[in-house]
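# Sequence and predicted model, in that order:
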Amino acid sequence: MVAAAALAAASVALPWPSALVPVASVWAQSSSSTPAQPRAAAGARRAAPAAAPAAASGPTAAQLAAEQAQRQRFQTECLACHGEGGQSQQPEVPSLAGQHAFYAITQLFLYREGRRGNPVMSAVAKGMSDSDMRAFSELIAALPVAPVAGGGADADPVRMRRGAELAVRHRCASCHGSDYAGGAQVARIAGQREDYLRLVLKEFQSGARLGYTTAMNETLSGLSPDDLGDLAHFLARVR
């Protein structure tokens, strides 16, 4: 269990949402480090929690076999839907590449505990132990971000400008960073699938998805469907 004192001692300006305290405990079970809380400064990129120090001796044959089995399971249970290399080719299914380990384990935890609704993901996460979630989250974080498909040649200049203006006006960078790469428990939204971003923005706006706090719901209040579409168009083409 992560001690409350350890959380309080972290150098931060934004509080931990209470829903994430149990996730920090899960994370800490296989790491001596506590995930850093998000910085308040706009544009500051959030670093993923540091990995546990490597053991002095090399892995045993049994450990290597277990790691290989975990990778195979990851390929079957995760990348079968989210795409080779974590680059989704399925409509409204998010790409995983570039997401941070603590964000990934948080989502798996929420699915497993029934705090985030999605029948497919809930069924997958139900069979995961804490160590499974930790291993899968680290495999996700290791997936490299791919270039924007087609080099962004399909970008609409007018919609890109409108999307960029909306992102500034609604202070997306204050949590997601100036490069929209997120960090810790904050999602990377740069380069995500446009149709998935549009779907998620609509869910947050309607209240169908609540997140850790009401920040997203409040931020998107009053935006039109065209606004949400332009914002998604812009973010999908940011790298």
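Thanks, I have the structure now. What you see is a predicted model; the values in this text were computed from it and never measured.

# pull the helix or strand with minimum mean pLDDT from the protein.
None of the helices or strands of the chain scores lower by mean pLDDT, DSSP states H and E than helix 4-9, at a mean of 34.

# Could you identify the helix or strand that succeeds that one?
Counting by DSSP states H and E, the next helix or strand C-terminal to helix 4-9 is helix 21-28.

# Can you name every helix or strand that that following helix contacts?
Under the contact criterion of 3 or more CB pairs under 8 Å, 6 or more residues apart in numbering; DSSP states H and E, helix 21-28 touches helix 101-112, helix 130-141. Where you see a C-beta, it was placed from the backbone N, CA and C, and this is true even at glycine.

# Which one, of these, ends up nearest to residue 160?
Judged by CB to CB, the one of the helices and strands packed on helix 21-28 that comes nearest to residue 160 is helix 101-112, at 25.7 Å.

# buried ones in stretch 198-213?
198-205, 209, 211-212 (16 or more other CB atoms under 10 Å).

# wait, which of those is closest to residue 172?
residue 201 (10.7 Å).

# backbone phi and psi for the closest one, please?
When read as degrees, to the nearest 10, the backbone of residue 201 gives phi -60, psi -40.

# centroid residue for the protein?
In the chain, the centroid-proximal residue (CA atoms, centre = their mean) is residue 187; its distance is 3.5 Å.

# I'd like the distance between that one and residue 203.
Distance of residue 187 to residue 203, given as CB to CB, to the nearest Å: 13 Å.

# ditto for residue 154
Distance from residue 154 to residue 203, by CB to CB: 25 Å.

# Was I right to think residue 175 contacts residue 185?
No: Residue 175 is not in contact with residue 185 according to CB atoms under 8 Å; the separation is 9.8 Å.

# Tell me who's in contact with residue 95.
82-83, 86-88, 146, 191-193, 196 (CB atoms under 8 Å, 6 or more residues apart in numbering).

# Could you rerun that using 7 Å?
Applying CB atoms under 7 Å, 6 or more residues apart in numbering, we find residue 95 in contact with 82-83, 86-88, 192-193.

# okay, now residue 91: neighbour count?
Other residues near residue 91 number 9, with proximity taken as other CB atoms under 10 Å.

# can you give me the helices in this protein?
Counting by DSSP state H, one finds helices in the chain at the ranges 4-9, 21-28, 61-74, 80-82, 101-112, 119-126, 130-141, 157-169, 173-176, 194-206, 215-219, 225-236.

# What distance do you get for residue 190 to residue 110?
From residue 190 over to residue 110 the distance is 22 Å, taken as CB to CB.

# Quick one: closest of the helices and strands packed on helix 21-28 to residue 217.
The minimum distance between residue 217 and the helices and strands packed on helix 21-28 falls on helix 101-112, with 16.3 Å, by CB to CB.

# Return the list of helices and strands in contact with the closest one.
Judged by 3 or more CB pairs under 7 Å, 6 or more residues apart in numbering; DSSP states H and E, helix 101-112 is in contact with helix 21-28, helix 119-126, helix 130-141.

# contacts for it?
For helix 101-112, the external contacting residues (CB under 7 Å, 6+ apart) are 20, 23, 26-27, 35, 48-49, 116, 118, 121-122, 125-126, 128, 133-134, 136-138, 140-141, 182, 184-187.
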